[in-house]
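> Got a predicted model here, sequence first, then my questions.
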Amino acid sequence: MRTSARNHFTGQITEVKPGAVNDEVTLRTQDGLDIVAVITHGSASSLGLAAGKPAFALVKASSVLVMVDAGNGQVSARNRVAGTVTAVTKGAVNSEVIVASASGAEIAAIITNESVDRLGLSSGAAASAIFKASSVIIGVD
């Protein structure tokens, strides 16, 4: 499948916590990341999501926040991947920032140039990619 989402993670569902309206779904990627998604109960049912089922997760780069000095920072977002900036590509207004985890998983974020400068982001800098569970789309083949 081809999509416009910059972040595409393949793996297996490890857990589905059902709810009356929304279910919490955890996908373990091939790189060992746990991606948490909150999707409607109807969607989880129609996709047949259950532990062990192969699936993928999509996250738009514009939904990813970048944080530095995240050690003591607390945020409500369920997905937080610590790593190192491997690339910063500046545009006229926004930049694409790639954060790689220790396991090699890469996450792309689109943030303003002002934020890149303010955070001191450059290749080799420590950073975390953060995104909400509600920003994750789960799919199956």
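Sure, I can see it.

> Tell me the secondary structure at Glu24.
strand (DSSP: H, G, I helix; E, B strand; the rest coil).

> That one and Val136 touch, don't they?
No - the pair Glu24 / Val136 is not scored as a contact, 10.5 Å apart, by CB atoms under 8 Å. Bear in mind the C-beta positions are built from the backbone N, C-alpha and C, glycine included.

> Pull up the overlap in contacts between the two.
Listed as contacting both Glu24 and Val136 by CB atoms under 8 Å, 6 or more residues apart in numbering are 36-38.

> Tell me which entries of these lie within strands.
Assigned to strands by DSSP state E, the following of those qualify: 36-38.

> Out of those residues, which comes closest to Gln74?
Val36 (16.3 Å; CB to CB).

> Can you give me the neighbour number for the closest one?
Applying other CB atoms under 10 Å, we find 19 residues neighbouring Val36.

> Could I get the contacting residues of it?
Val36 neighbours (CB under 8 Å, 6+ apart): 24-26, 78-79, 133, 136.

> and the residue nearest to Gly48 when sequence neighbours are not counted, how far is that from Thr112?
Nearest residue to Gly48, sequence neighbours excluded (CB to CB, 6 or more residues apart in numbering): Val140, at 7.1 Å. Noted for Val140: a distance of 35 Å to Thr112, by CB to CB, to the nearest Å.

> just Ile130 next, same as before
Distance from Ile130 to Thr112, by CB to CB: 16 Å.

> So for the two, which sits in the more crowded spot?
Remark: of Ile130 and Thr112, Ile130 carries more neighbours, 23 against 12, as counted by other CB under 10 Å.

> Can you name the helix or strand that that one falls in?
Ile130 belongs to strand 126-131 when assigned by DSSP states H and E.
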